[in-house]
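Colleague: return atomic coordinates for the entry below.
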Amino acid sequence: MRTSILYEDKDIIVAHKPAGLATETSKVGQTDVVSELKNHIKSPYLGVVHRLDQPVEGLLVFGRTKAAAAALTRQLSEGVLNKRYYAAVYGQMISTEGELVDYLYKNKENRAELVPKDQAVTTGAKEAHLRYRVIESLDEIALVEIMIQTGRFHQIRAQMSHAGMPLLGDVKYGTEASIEQSTKLNVRNTALCAYEIQLEHPTKRKKMCFQIEPQERIFHFFQKFTNKTATDL
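Modeller: Residues are numbered from 1 along each chain as shown. Coordinates of the predicted model:
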């Protein structure tokens, strides 16, 4: 099983999804996190509360009962269930920290499109809001912490690219320069990791927090995760 379990009980499962594995897929013969966990718990039901894009790694929480899944979904919409991300980005930082507010909609090509606010109603775009903080800079790349206030389709990838800070390894929203740099650094997956998740247990009413360190090689270029230099790797 490629999925790692951090915590499980009769109500919830908190798992670490590796980059390259889909959260859930309808493709025949292709494994995903949901099918792996269903096999693990020997149950046909597993409530999907939120997802991560296939090339992204990070933490996910699932409900083992319909009541638990519904409670976690409410927490997500009410801002009780929160996630923090690490991203390795390319380009010059506009500032060491800031907020991005854009209007996004999912187009027919399965991409998040940004439009001006006055076009939001006609396109069906919704507000996308995130906060970021630069943790460490290294030449033309930087390690950034991100917290989202909304959960829109491809939100982080699209907003960061639009702001001039495309994620390394992101072929969908990256620029020609960021994709070239990703190739040089051998970044094969989108350099984004949902490293922390905070929630309230749906039955115990206990606040819980889980954290991981990114597994992808690019993150270990930064002293935050290792004392090695890029030339040592």
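
Colleague: hey, let's count contacts and neighbours off CA atoms from now on
Modeller: OK.

Colleague: ok, residue 197 touching residue 83?
Modeller: Yes: in this structure, residue 197 is within contact of residue 83 by CA atoms under 8 Å, at 4.5 Å.

Colleague: who's more crowded, these two?
Modeller: Neighbour totals were compared for residue 197 and residue 83, and residue 83 leads with 23 against 20 (other CA atoms under 10 Å).

Colleague: any idea which helix or strand of this structure has the worst average confidence?
Modeller: One helix or strand of the chain scores below all others by mean pLDDT, DSSP states H and E: helix 120-123, with a mean of 90.

Colleague: now the strands for this protein?
Modeller: In the chain, the segments counted as strands under DSSP state E are 4-8, 12-17, 47-48, 57-63, 82-90, 97-106, 112-115, 126-138, 141-148, 192-200, 207-211.

Colleague: what's the angle from the fourth one to strand 4-8?
Modeller: Going by axes from the mean of the first three to the mean of the last three CA atoms, to 10 degrees, strand 57-63 is angled at 40 degrees with respect to strand 4-8.

Colleague: partner strands of strand 57-63, with direction?
Modeller: strand 12-17 (antiparallel), strand 47-48 (antiparallel), strand 192-200 (parallel) (DSSP bridges).

Colleague: what is the residue positioned nearest the centre of the chain paired to in the beta sheet?
Modeller: The centroid of the chain falls nearest to residue 194 when counting by CA atoms, centre = their mean (4.6 Å). For residue 194, the beta-bridge assignment (DSSP bridges) gives partners residue 58, residue 85.

Colleague: roughly how far does it sit from residue 16?
Modeller: Going from residue 194 to residue 16 by CA to CA, to the nearest Å gives 9 Å.

Colleague: quickly list what's touching both of these two.
Modeller: Counting by CA atoms under 8 Å, 6 or more residues apart in numbering, the shared contacts of residue 194 and residue 16 are 57-59.

Colleague: residue 218: which of the strands of the chain is closest?
Modeller: strand 82-90 (7.4 Å; CA to CA).

Colleague: looking at strand pairing, list the partners for the nearest residue to residue 117 once chain neighbours are set aside.
Modeller: Excluding the flanking residues, the one nearest residue 117 by CA to CA, 6 or more residues apart in numbering is residue 103, at 6.3 Å. Using DSSP bridges, the beta-bridge partners of residue 103 come out as residue 115, residue 127.

Colleague: enumerate the positions of whichever helix in the chain runs longest that are buried.
Modeller: Ordering each helix of the chain by length in residues (DSSP state H) puts helix 66-78 first. Buried residues in helix 66-78, counted by 16 or more other CA atoms under 10 Å: 68-73, 75-76.

Colleague: chain center to it, what's the gap?
Modeller: 19 Å (CA atoms, centre = their mean, to the nearest Å).

Colleague: tell me which other helices or strands that helix touches.
Modeller: strand 47-48, strand 57-63, strand 192-200 (3 or more CA pairs under 8 Å, 6 or more residues apart in numbering; DSSP states H and E).

Colleague: and the chain, what are its domains?
Modeller: What automatic domain parsing lists as the domains of the chain is 4-81+198-213, 86-184.

Colleague: which one of those lies closest to residue 219?
Modeller: domain 86-184 (6.8 Å).

Colleague: so who does residue 22 touch?
Modeller: Contacts of residue 22 by CA under 8 Å, 6+ apart are 31-33, 52-55.

Colleague: so what's it scoring on pLDDT?
Modeller: At residue 22, the pLDDT value in this model is 94.

Colleague: which residues touch the residue lying closest to residue 106 once chain neighbours are set aside?
Modeller: Sequence neighbours aside, residue 112 is the residue nearest to residue 106 in space, at 4.7 Å (criterion: CA to CA, 6+ apart). By CA under 8 Å, 6+ apart, the residues touching residue 112 are 104-106, 153-155, 158.
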